[in-house]
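K.L.:
turn this into a structure:
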Amino acid sequence: MIPICDPRAAYLEHQDEIDAAVRRVLDRGRYILGAETSAFESEFADWLGVRHVIGVASGTDALHVVLRALGVGAGDLVATVAHTAVATAAAIELAGATPIFVDIDEESFNLSPSALAELLDRYAERPIRAIVPVHLYGRPASIAEIMELAGRYRVPVIEDASQAHGARIGDRRVGSFGTAAAFSFYPTKNLGAIGDGGAIATDDDRLAEKMRRIREYGWRNRYVSEDPGMNSRLDELQAAILRVKLRYLDHDNDRRRGIAARYSLALAGIDGIGIPYDVPGHVYHQYVVRSQRRDSLRSYLERRGVGSLVHYPMAVHQQPAYAGRIKCFPSVLEATERVVSEILSIPMYPQLDPADAGVVSRTIEEWATERS
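P.N.:
All right, here's what the predicted structure looks like:
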């Protein structure tokens, strides 16, 4: 079976360095918020081009902490998309706020600026308190247009960059545009830990200080809570591992782009298959094809030993926990619902053998030929 992803391959590729980093932490005996976390926060901030990075326990917590630090809470509306990991909506509700789902641009799968503009105008009397665009699958959202709209309506933007480590718009990396940004280090991410982890990026000094307090019980001084806080800390082992992997991230993203280019060349023009529209700065967390016969294609791939996944089989507003109780804008998310019925992620990770990528492409072509 050719797997859809293989986080173990990333470990094996850098095993000696990762093992040494883990041993360094174990020998030092400081396992929470020590030298490794501080060093990773500094190195990741430099790499992103921001002033501050705050390590937390997950990408969900990263979004949650930012919202709380901005004072977003009960009764507040937060604009985001329903075509995303459910963590985006879960974090908004953890902060006590209410998501409102905005339709996507069908080409990019990301937040539609035109739909967002209509929403902000429609809700002028009950302002939207924050906007959370998601850089989905490694493709940057239309952040310039989103930031212009946000500035016009004075709404903070929190980038959900959990699937877009290293993606660029021009000469800037995503995560450096908004008021703050959230990253996940789940093991399958472009920058993945060996366990859970997350981080927040920001250029706002005061906001950064508040978020550092919130992540650890609201402490400025130990055991004295100045704010209502929580326990969400990136542990030393994960920070040490991430420091190793960060050194190779740009190279790994180049490898992802190379695999994507091979896929696109092989799959272009195949009847019944839509390929992702490439843009500069895309880092291909997933390579997502579209087909109106998606389930048939997925079954065919499985029978021939090719892994695939649907990210995500239901939009958030369609899932039982959210259906009927979360507002959508417009009331029917036509592009979102059409996309989720057609998408399929095929194998994508830096260590994927080019020969295996060729097998994936040929198998899709064989499926299309048999059904023509």
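K.L.:
please count neighbours and contacts with C-alpha atoms only from this point.
P.N.:
Will do.
K.L.:
sec struct for Glu365, please.
P.N.:
helix (DSSP: H, G, I helix; E, B strand; the rest coil).
K.L.:
that one touches Gly269, doesn't it?
P.N.:
No - taking CA atoms under 8 Å as the definition, Glu365 is not a contact partner of Gly269, at 10.1 Å.
K.L.:
between those two, who's got more neighbours?
P.N.:
Neighbour tally, Glu365 and Gly269, criterion other CA atoms under 10 Å: the higher count belongs to Glu365, 16 against 11.
K.L.:
the more buried one and Pro354, how far apart?
P.N.:
Noted for Glu365: a distance of 17 Å to Pro354, by CA to CA, to the nearest Å.
K.L.:
ditto for Arg30
P.N.:
41 Å.
K.L.:
out of those two, which sits in the busier spot?
P.N.:
When Arg30 and Pro354 are compared on other CA under 10 Å, the one with more neighbours turns out to be Arg30, at 15 against 12.
K.L.:
confidence score at that one?
P.N.:
For Arg30, the model assigns a pLDDT of 96.
K.L.:
quick one: terminal-to-terminal distance for stretch 51-62?
P.N.:
Distance between the boundary residues of stretch 51-62 (CA to CA) amounts to 16 Å.
K.L.:
so what touches that stretch?
P.N.:
Contacting residues not belonging to stretch 51-62 are listed as 37, 41-42, 44-45, 87-88, 90-91, 162, 182-186, 196-205, 208, 211-212, 215, 232-235 [CA atoms under 8 Å, 6 or more residues apart in numbering].
K.L.:
of those, which belong to helices?
P.N.:
The subset of those located in helices under the criterion DSSP state H comprises 37, 41-42, 44-45, 87-88, 90-91, 205, 208, 211-212, 215.
K.L.:
how about the contacts made by Arg294?
P.N.:
Arg294 sits next to Ser341, Glu342, Ile343, Leu344 when contact means CA under 8 Å, 6+ apart.
K.L.:
tell me how far the longest helix seen in the chain lies from the chain's centre.
P.N.:
Ranked by residue count, the top helix of the chain under DSSP H comes out as helix 249-267. Distance of helix 249-267 from its chain centroid, counting by CA atoms, centre = their mean, to the nearest Å, is 18 Å.
K.L.:
next SSE after it?
P.N.:
Past helix 249-267, heading to the C-terminal end, the next element that is a helix or strand (DSSP states H and E) is strand 287-290.
K.L.:
which parts of that next one are buried?
P.N.:
Taking 16 or more other CA atoms under 10 Å as the neighbour-count basis, strand 287-290 is seen to contain the buried residues Tyr287, Val288, Val289, Arg290.
K.L.:
avg pLDDT for that strand?
P.N.:
Strand 287-290 shows an average pLDDT of 98 in the prediction.
K.L.:
chain center to that strand: distance?
P.N.:
The chain centre lies 16 Å from the centre of strand 287-290; the measure is CA atoms, centre = their mean.
K.L.:
that'll do, ta.
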